[in-house]
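*Asks:* Sequence isn't available, so here's the structure alone:
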């Protein structure tokens, strides 16, 4: 009978900690002993020991606003999905979106298994003017294509299986549920200049999850997505 | 909710707890830093590591004592990498001081079972992914912080985080363990 490990962030975190400890416990004799602290180091650490959490207090104040915004966005997204249609409600059960303080993870659940593993090479038939394929990498979780224009702007396009967890920054974004050629998708639209928007959608027929990441408008991202076809 | 968090950080007992943690483990941190760095740089690594611990101390303090120590070791390792990287000298940390018969990553991964198997796989995984997982999940850096420290685009950090996780999932599945 096979074992099950729920690979949550917390489980991974604890395993990473155990790995650190395992490496340290196997040092040569004497290597694991503590060293006396030089006076110079103690002097340097005095401000930290005097007010250990000053730095963190400042950081948390800065994060407060974005955390609140994300919580609101999460509530709005859930409400939007459930209010739309029976299809959307059914779809909501297959889309796992975890909204964390600074990034959103997206995972598609396809109990049929789709046709994962037979994805072939997918390419967008339309790109904004000036973009050309500058890199293609098939060594990771799925083929990654990178398109670049003369201004140095970049479009990332990746195809993966349904089980892949995709993460995107959400600190400066609004969330939108979209449909790409009758396939459900999830769009994080950048609301501040200099940030990239992302679009993720899943094609059940081929068992392929697609991701686009670029500093483009939602309309452009959706147009690219709708043009994607198998080579 | 936010005001509750901020109030917690001002608790005098938490400050005292941090100072006690420092007293208990500073020598260990310096020893760990000296594995990779010499002189002033090792002291820099210790200072940066304790600053990182302070940043997340409410969570660190909730960990079991051994995990607290492991957290500090992770922070020291990360600081050492950062310092070497800033000096353009980082080509991977030399962990060659381990005892013969110690945790050879491959053997550890093969011998362990269940949850320990996951730990073994982490020991065996490429540092490219492990560093991102350690920074994001253990030290709780933001993607932007990790990207800046590693000198990489933030998209690469997202990708490595996702790929590192996927790599572990795949290896676990290969072993008949369902993540």
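*Replies:* Cool, got the structure. Quantities reported herein were computed from a predicted structural model and do not represent experimental measurements. Residues are numbered from 1 along each chain as shown, chains lettered A, B, ... in the order given.
*Asks:* how much space between residue A:203 and residue A:155?
*Replies:* 19 Å (C-beta to C-beta, to the nearest Å). In this view, the C-beta of every residue, glycine as well, is placed from N, C-alpha and C.
*Asks:* Low-confidence stretches in chain A?
*Replies:* A:1-6, A:25-34, A:54-120, A:139-141, A:162-169 (pLDDT under 70).
*Asks:* State the mean pLDDT of the helix or strand where residue B:77 lies.
*Replies:* Using DSSP states H and E, residue B:77 falls within helix B:65-86. Helix B:65-86 shows a mean pLDDT of 90 in the predicted model.
*Asks:* Poorly predicted segments of chain B, please.
*Replies:* Residue ranges of chain B with pLDDT under 70: B:1-12, B:92-115, B:177-179.
*Asks:* can you pull out the strands in chain B?
*Replies:* Assigned by DSSP state E, chain B shows strands spanning B:177-178.
*Asks:* so who does the residue nearest the centre of it touch?
*Replies:* In chain B, the C-alpha nearest the mean C-alpha coordinate belongs to residue B:74, at 2.9 Å (C-alpha atoms, centre = their mean). By C-beta atoms under 8 Å, 6 or more residues apart in numbering or on different chains, residue B:74 lies in contact with A:16, A:17, A:20, B:134, B:138, B:139.
*Asks:* Hmm, the last one is touching residue B:75, no?
*Replies:* Yes: using C-beta atoms under 8 Å, residue B:139 makes contact with residue B:75 at a distance of 6.2 Å.
*Asks:* Please report how far the residue nearest to residue B:164 when sequence neighbours are not counted lies from residue B:136.
*Replies:* Distances taken as C-beta to C-beta, 6 or more residues apart in numbering or on different chains put residue B:129 closest to residue B:164, at 3.1 Å, once the chain neighbours are dropped. For residue B:129, the distance to residue B:136 equals 11 Å [C-beta to C-beta].
*Asks:* So these two - more neighbours on which side?
*Replies:* residue B:136 (27 against 19; other C-beta atoms under 10 Å in any protein chain shown).
*Asks:* surely that one meets residue B:161?
*Replies:* Yes: using C-beta under 8 Å, residue B:136 is in contact with residue B:161, at 5.6 Å.
*Asks:* Between these two, which contacts overlap?
*Replies:* Here residue B:136 and residue B:161 have residue B:143 as joint contacts, going by C-beta under 8 Å, 6+ apart.
*Asks:* May I see the buried residues of the host helix or strand of residue A:40?
*Replies:* Secondary structure from DSSP H and E places residue A:40 in helix A:39-50. By neighbour count with 16 or more other C-beta atoms under 10 Å in any protein chain shown, helix A:39-50 contains the buried residues A:41, A:45, A:48, A:49.
*Asks:* can you check stretch B:164-179 too?
*Replies:* Residues B:164, B:165, B:166, B:167, B:168, B:169, B:171, B:172, B:175, B:177, B:179 are the ones in stretch B:164-179 that count as buried (16+ other C-beta under 10 Å).
*Asks:* Just give the number of residues close to the residue lying closest to residue A:135 once chain neighbours are set aside.
*Replies:* What sits nearest to residue A:135 in space, not counting adjacent residues and going by C-beta to C-beta, 6+ apart, is residue A:146, at 4.0 Å. By other C-beta under 10 Å, 17 other residues sit near residue A:146.
*Asks:* Am I right that residue A:146 falls within a strand?
*Replies:* Yes: the assignment for residue A:146 is a strand, going by DSSP: H, G, I helix; E, B strand; the rest coil.
*Asks:* Please verify my assumption that it contacts residue A:154.
*Replies:* Yes: when contacts are counted by C-beta under 8 Å, residue A:146 is listed as touching residue A:154 (6.1 Å).
*Asks:* Now do the contacts for residue 132.
*Replies:* By default, I'm working from chain A. Contacts of residue A:132 (C-beta under 8 Å, 6+ apart): A:147, A:148, A:149.
*Asks:* ah, I was thinking of chain B
*Replies:* Residues in contact with residue B:132 (C-beta under 8 Å, 6+ apart) are B:146, B:150, B:157, B:160, B:161, B:164.
*Asks:* do residue B:53 as well
*Replies:* B:18, B:21, B:60, B:71, B:72, B:75.
*Asks:* now, which of those sits nearest chain A?
*Replies:* Nearest to chain A, judged by C-beta to the nearest C-beta, of the contacts of residue B:53 is residue B:18 at 4.4 Å.
*Asks:* Burial check on the closest one, number of neighbours?
*Replies:* A total of 21 residues lie near residue B:18 under the criterion other C-beta under 10 Å.
*Asks:* Just give the nearest non-adjacent residue to it, would you?
*Replies:* residue A:52 (4.4 Å).
*Asks:* Same check on residue B:139?
*Replies:* Using C-beta to C-beta, 6+ apart, the closest residue to residue B:139 is residue B:52 (5.7 Å).
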